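Engineer: 3D, please:
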Amino acid sequence: MSTQKPKRPNYFLSILSMKCPRCRRGHMFKDQNPFHVKFSRIFNMYDNCPVCGQKYELETGFWFGTGYVSYALSVAFSVFNLIWFWLFFGLSWRDNSIFIWLAVNGVLLVLIQPWLMRLSRAIYLYFFVYYDEDAVAEAEKQHQH
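Structural biologist: Predicted coordinates:
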């Protein structure tokens with residue numbers, strides 16, 4: 001038996017792959033690809049982490065706060081799009097390129113919306129639940145038995 005601590009998964013990769021914030025191993029969503037499910041099942045989450053048992057909905061109405069996170073992600077994405085569009089194509093009212101950017105940005109936002117909504121849930125949960133090495137070790141012990 002080794003007494004070596006389990007390797008801590010990367011924080012940002014765990015958020016992007018929408019893993020449990022407590023153990024960073026269990027998936028938050030039942031179907032990992034938000035684009036392969038019906039829109040009505042985008043938020044089809046486990047009630048608890050399948051690895052460590054962390055409850056995901058911490059209280060009734062908990063997920064309402066994700067609207068702020070989703071809004072911030074959408075604004076950041078739009079600013080990023082504005083910068084790359086301006087650098088590569090330029091922006092001007094005279095040639096209506098600003099309206100082209102608005103259309104391109106709007107289409108891109110609609111296309112990535114399922115992923116953004118899930119990502120906002122993962123980020124929001126990470127605000128309130130922290131990594132716990134003891135929970136990971138306990139989950140691994142139970143998994144071995």
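Engineer: got the contact list for the one helix or strand residue 68 maps to?
Structural biologist: In this assignment (DSSP states H and E), residue 68 forms part of helix 66-89. Identification of contacts with helix 66-89 by C-beta atoms under 8 Å, 6 or more residues apart in numbering yields 91, 97, 100-101, 104-105, 108-109, 112, 116-117, 119-121, 123-124. Using the backbone N, CA and C atoms, a C-beta is placed for each residue, glycine as well.
Engineer: chain center to stretch 36-46: distance?
Structural biologist: Put simply, stretch 36-46 sits 14 Å off its chain's centre (C-alpha atoms, centre = their mean, to the nearest Å).
Engineer: roughly how far apart are the residue nearest to residue 63 when sequence neighbours are not counted and residue 70?
Structural biologist: Using C-beta to C-beta, 6 or more residues apart in numbering and skipping residues adjacent in sequence, the residue nearest residue 63 is residue 121, 6.4 Å away. In this view, residue 121 and residue 70 are 9 Å apart by C-beta to C-beta, to the nearest Å.
Engineer: so which of those two has more stuff around it?
Structural biologist: Just comparing residue 121 and residue 70: by other C-beta atoms under 10 Å the higher neighbour count belongs to residue 121, 24 against 19.
Engineer: hmm, residue 28 and the more buried one touching each other?
Structural biologist: Yes - Residue 121 is within contact range of residue 28, at 7.1 Å (criterion: C-beta atoms under 8 Å).
Engineer: any shared contact partners between the two?
Structural biologist: By C-beta under 8 Å, 6+ apart, the residues touching both residue 121 and residue 28 are 18, 45.
Engineer: pLDDT (mean, whole number) over stretch 46-57?
Structural biologist: On average, the pLDDT along stretch 46-57 is 93.
Engineer: tell me how far it lies from the chain's centre.
Structural biologist: On C-alpha atoms, centre = their mean, the centre of stretch 46-57 falls 16 Å from the chain's centre.
Engineer: likewise stretch 56-64?
Structural biologist: 16 Å.
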